[in-house]
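S.K.: Turn this into a structure:
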Amino acid sequence: MTAGAFLAGWILSAINSRFSAKSRASERDPRDDRIRSLDAELRVAQSKNEISVEQTENLEGQLKEATVGMEKRDNVITHQQSKLDGVSSDLKDSVIKTRELRAELTERATENVKSEVKQRELETELEVAQASTDMLATGVLDYSFSPDGDEDDDRKINQGKDGRRAAN
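M.R.: All right, here's what the predicted structure looks like:
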C-alpha cells in the first residue's frame with residue numbers, strides 16, 4: 001500500500017506541476033521580456049557594429065590608396081615642373097643666343113655689303129686705269145706738256161665739236 005500511496009502521490013504531484021507550469025507560462029516575469037528585448041537589441045547593435053567596422057576599414061584602405069595616389073601625383077607634378085623649368089631656362093638661353101647670332105649675322109651682312117661696294121669701286125677704278133693705260137698705249141690720249149697746253153686742249157675740244165657739226 002505504501003507503494004500505491006507513493007505512486008498516487010507521484011501522479012498527483014506530476015499533474016500539479018503541469019498545471020502550475022501552464023500558469024507560470026501565462027504569468028511571465030516582465031524582466032524576462034526586457035532581458036530578451038535587450039539581448040535582441042544587443043545582437044542587432046553588434047551586427048551593425050561589425051558592418052560599421054568593415055566600412056571603416058574599407059574607407060581607411062581607400063584613404064590610404066588615395067593618399068598614396070596623391071603623393072605619386074605630387075611627385076610626378078614636381079618632376080614635370082622641374083623639367084618645365086629646365087626647358088624654360090634652355091628656351092631663354094636659346095632665345096638669347098638666337099638674338100646674338102642674328103645681331104652677328106646682321107653685322108656680317110653689313111660688312112659683306114660694304115665689302116662688295118668697295119670691291120665694285122676697286123673694280124671700276126681698275127677698269128678705268130686699264131682703259132687709260134690702253135688709251136695711252138694706243139695713243140688716243142696724249143698728255144704732252146706744253147706751256148699753252150690748256151689752250152690746245154680747249155682748241156681740240158672746240159674743233160671736235162665743229163667737226164661734228166660739219167659732219168651733220
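
S.K.: From now on I want contacts and neighbour counts done on CA atoms only, so please keep to that.
M.R.: OK.

S.K.: now the helices: where do they sit in this structure?
M.R.: 2-26, 30-138, 149-167 (DSSP state H).

S.K.: Mean pLDDT and mean neighbour count for those helices - can I get that in CSV?
M.R.: Shown next, in CSV, are these (pLDDT from 0 to 100; neighbours: other CA atoms under 10 Å):
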stretch, mean pLDDT, mean neighbour count
helix 2-26, 77, 11
helix 30-138, 94, 12
helix 149-167, 51, 11
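
S.K.: how close does the residue nearest the centre of the chain get to residue 91?
M.R.: The residue lying closest to the centre of the chain (CA atoms, centre = their mean) is residue 84, at 6.0 Å. Going from residue 84 to residue 91 by CA to CA, to the nearest Å gives 10 Å.

S.K.: do residue 60 as well
M.R.: Applying CA to CA, one obtains 45 Å for the distance of residue 60 from residue 91.

S.K.: Residue 66 now?
M.R.: The spacing between residue 66 and residue 91, counted by CA to CA, is 36 Å.

S.K.: try residue 69
M.R.: Applying CA to CA, the value for residue 69 to residue 91 is 32 Å.

S.K.: swap in residue 136?
M.R.: Distance of residue 136 to residue 91, given as CA to CA: 66 Å.

S.K.: before we move on, what about residue 70?
M.R.: The span separating residue 70 from residue 91 equals 30 Å under the rule CA to CA.

S.K.: same question, residue 33
M.R.: Residue 33 is 84 Å from residue 91, by CA to CA.
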